[in-house]
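Asker: attaching a predicted model along with its sequence, questions to come.
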Amino acid sequence: MSYSVFNQEINDTLKEPMFFGDTVNVARFDQQKFEMFEKLTEKQLSFFWRPEEIDVSKDKIDFGKLLPNEKHIFLSNLQYQILLDSVQGRSPNIAFLPIVSLPELENWIETWSFSETIHSRSYTHIIRAIVNEPGVVFDEIMKTEEIIQRATSVSEHYDKLIKHTQAFLLHGEGDHIIDGEALNISMYSLKKLLYLTLMSVNILEAIRFYVSFACSFAFAERKVMEGNAKIIKLIARDEALHLTGTQHMLNLMRDGKDDPDMQAIAIECEAEVIQMFKDATLQEKEWAEHLFRDGSMIGLNAQILKQYLEYITNVRMSSLNMQPIFEQTTNPLPWLNHWLDSDNVQVAPQETEITSYLVSAIDNTINSEDQDFNDFKL
Amino acid sequence: MFRIDVDNINGKTESLYVYGDNSILTELEENNVLLNYSCRQGHCGSCILRLVKGDVIHQECLVPLSQGEILACQSKPVTDIKITAKY
């Protein structure tokens, strides 16, 4: 089967599985097999924001006053976030769109991945504001071994699924030699790769991101880098939606409410999935050591971050109806929830940044023909 | 202040006294009553509880709720309440 952007077979999308059924033809949202994805899309659209709405000018002054080890923590954490959103800004589209079979899910995947590109744009906005040469920070990403290691672990499942799906779409099921590599492609093996990829995305968005949020908000708890924290709060709000999306897909699969093969795969892969969670926590613990290699900061150190990592891993596994793998504890960073909870504090507009008042409010473009500043002299 | 009677949530049965400023989820966490949660934004339904008695103010959520069900992350007490696990 080769992929068609408009499959002309008449099908009933209410009877299709989420993935690997007929490809989507009419983008229709009048009916949904799984209403949740439509709700997620609507919610994500209602969340639309732009980084330029947040004033980060004070962050430059704050950044200048940070200790060298704190600058390393802040920039390395931001670089890691850039890596994660670079992956997420493209991968759901490339990996999942060619195999999705429900219009509401297709639309959610596109909306989800688009919102990740806003996050990527935010990091540029922040870095432009706080350092004189933003290019150096970006160039460093690909030269930092610890980040490249992270890149491998967050992208390997995506890459494998994409490679096998492309082989399947071009050559169908069977044994194929692609670039000298022997691939055995079967529908069952593709579904298994999909399940593991969704799990790795859930680990990325529900665990790896949250550890990085803890670092971002730790600065703002000290009343520094607050512009950055306001942006990360918006990103965290989006990520809470995204992780709900992958959790929902995985739970539908495991509960047998979607494709019966997927239920069998969920049982078959349980040990492998537990190992994925263990590997991810181990990698994140190594990352915590790298972040705090030059010293800790007030309110956060490698040890507490690792405790939070174990705590949040347990929380995420419970949400997927899996047994937690670490000792059950209370949240070692309880203040973090004030940043992650939905806004439930009423404040006057002058007390905070009401983003809806600011959409497209400022035009930064200046043309030589503009007369407004003719009399202006330094 | 409002009283939250916790009836066998994760093995805990006790009464909490709260001002009603925070979500029920936050209040439970601050009193070491562990409850499943995930998004904290009313999307996922992990923190669903049964409201046995009393009233809460409930923010919008994506999860379809049956009569008597609340999301701990999206609700705050407005009277004395009694809550229990969903099942």
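Answerer: Structure received. Numbers count the residues shown, from 1 in each chain, chains lettered A, B, ... in the order given.
Asker: now do the buried residues in stretch B:51-71.
Answerer: Residues B:Leu51, B:Gly54, B:Val56, B:His58, B:Cys61, B:Leu62, B:Val63, B:Ile70, B:Leu71 are the ones in stretch B:51-71 that count as buried (16 or more other C-beta atoms under 10 Å in any protein chain shown). From N, CA and C alone the C-beta is placed, and that goes for glycine too.
Asker: check stretch B:78-87 too.
Answerer: B:Ile81, B:Ile83, B:Thr84.
Asker: ok, which of the buried residues of stretch B:51-71 also contact chain A?
Answerer: When contact is defined as C-beta under 8 Å from any C-beta of the partner chain, these meet chain A at B:Leu62.
Asker: strands - which of the buried residues of stretch B:51-71 land there?
Answerer: B:Leu51, B:Val56, B:His58, B:Ile70, B:Leu71 (DSSP state E).
Asker: which one of those is nearest A:Tyr311?
Answerer: B:Leu71 (20.9 Å; C-beta to C-beta).
Asker: quick one: distance of stretch B:2-10 to the chain centre.
Answerer: Between the centre of stretch B:2-10 and the centre of its host chain there is 8 Å, according to C-alpha atoms, centre = their mean, to the nearest Å.
Asker: now it - C-alpha only, PDB.
Answerer: This file holds the C-alpha atoms of stretch B:2-10, laid out as PDB (Å, rounded to 0.1, in the frame of the first residue of the first chain):
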ATOM      1  CA  PHE B   2     -14.600  23.900  55.400                       C
ATOM      2  CA  ARG B   3     -14.200  20.300  56.500                       C
ATOM      3  CA  ILE B   4     -13.300  17.700  54.000                       C
ATOM      4  CA  ASP B   5     -14.100  14.200  55.200                       C
ATOM      5  CA  VAL B   6     -11.900  11.800  53.300                       C
ATOM      6  CA  ASP B   7     -13.500   8.400  53.100                       C
ATOM      7  CA  ASN B   8     -11.000   5.700  52.300                       C
ATOM      8  CA  ILE B   9      -8.900   7.400  49.600                       C
ATOM      9  CA  ASN B  10      -5.700   5.400  49.100                       C
END
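Asker: quick check, that stretch touching chain A?
Answerer: No. For stretch B:2-10, no contact with chain A is found by C-beta under 8 Å from any C-beta; the gap never falls below 9.5 Å.
Asker: just to revisit the earlier point, want to throw the buried residues of stretch B:51-71 into TSV with pLDDT?
Answerer: Output for these, formatted as TSV (pLDDT from 0 to 100):
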residue	pLDDT
B:Leu51	96
B:Gly54	95
B:Val56	95
B:His58	93
B:Cys61	92
B:Leu62	93
B:Val63	93
B:Ile70	96
B:Leu71	96
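Asker: hmm, which two among the buried residues of stretch B:51-71 are most spread apart?
Answerer: The span of the buried residues of stretch B:51-71, defined through C-beta to C-beta, is set by B:Gly54 and B:Leu62 at 24.3 Å.
Asker: ok, the residue most central in space within chain B - contacts?
Answerer: Note on chain B: the residue nearest the mean C-alpha position is B:Ala72, at 3.4 Å, using C-alpha atoms, centre = their mean. The neighbours of B:Ala72, taking C-beta atoms under 8 Å, 6 or more residues apart in numbering or on different chains as the test, are B:Ser23, B:Ile24, B:Leu25, B:Leu28, B:Leu35, B:Tyr37, B:Cys47, B:Ile48, B:Leu49, B:Ile83.
Asker: give me that answer again for 6 Å
Answerer: Applying C-beta atoms under 6 Å, 6 or more residues apart in numbering or on different chains, one finds that B:Ala72 lies in contact with B:Ile24, B:Leu25, B:Leu35, B:Cys47, B:Leu49.
Asker: could you pull up phi and psi at the residue lying closest to A:Trp339 once chain neighbours are set aside?
Answerer: Counting by C-beta to C-beta, 6 or more residues apart in numbering or on different chains, A:Phe217 is the residue found nearest to A:Trp339 once chain neighbours are left out, at 4.5 Å. Dihedral pair for A:Phe217: phi -80, psi -20, per degrees, to the nearest 10.
Asker: do B:Glu14 as well
Answerer: When read as degrees, to the nearest 10, the backbone of B:Glu14 gives phi -160, psi 170.
Asker: just list whatever residues bridge to it.
Answerer: According to DSSP bridges, the residues that bridge with B:Glu14 are B:Val6.
Asker: just the buried residues of stretch B:39-53, please?
Answerer: Using 16+ other C-beta under 10 Å as the burial criterion, the residues of stretch B:39-53 that qualify are B:39-51.
Asker: revised request: answer the last question for stretch A:30-38.
Answerer: So for stretch A:30-38, counting by 16+ other C-beta under 10 Å, buried means A:Gln32, A:Lys33, A:Phe34, A:Met36, A:Phe37, A:Glu38.
Asker: how about that stretch and chain B, any contact?
Answerer: No. Taking C-beta under 6 Å from any C-beta of the partner chain as the criterion, stretch A:30-38 and chain B are apart, separated by no less than 6.9 Å.
Asker: span of that stretch from start to end?
Answerer: End-to-end distance of stretch A:30-38: 10 Å, with C-alpha to C-alpha, to the nearest Å as the criterion.
Asker: so who does the nearest residue to A:Ser57 once chain neighbours are set aside touch?
Answerer: In space, and not counting its chain neighbours, A:Ser57 is closest to A:Ala129: 6.5 Å by C-beta to C-beta, 6+ apart. A:Ala129 makes contact with A:Val56, A:Asp59, A:Lys60, according to C-beta under 6 Å, 6+ apart.
Asker: adding pLDDT, write those out as a markdown table.
Answerer: Written out in a markdown table, the entries for these read as follows (pLDDT from 0 to 100):
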| residue | pLDDT |
| --- | --- |
| A:Val56 | 95 |
| A:Asp59 | 96 |
| A:Lys60 | 96 |
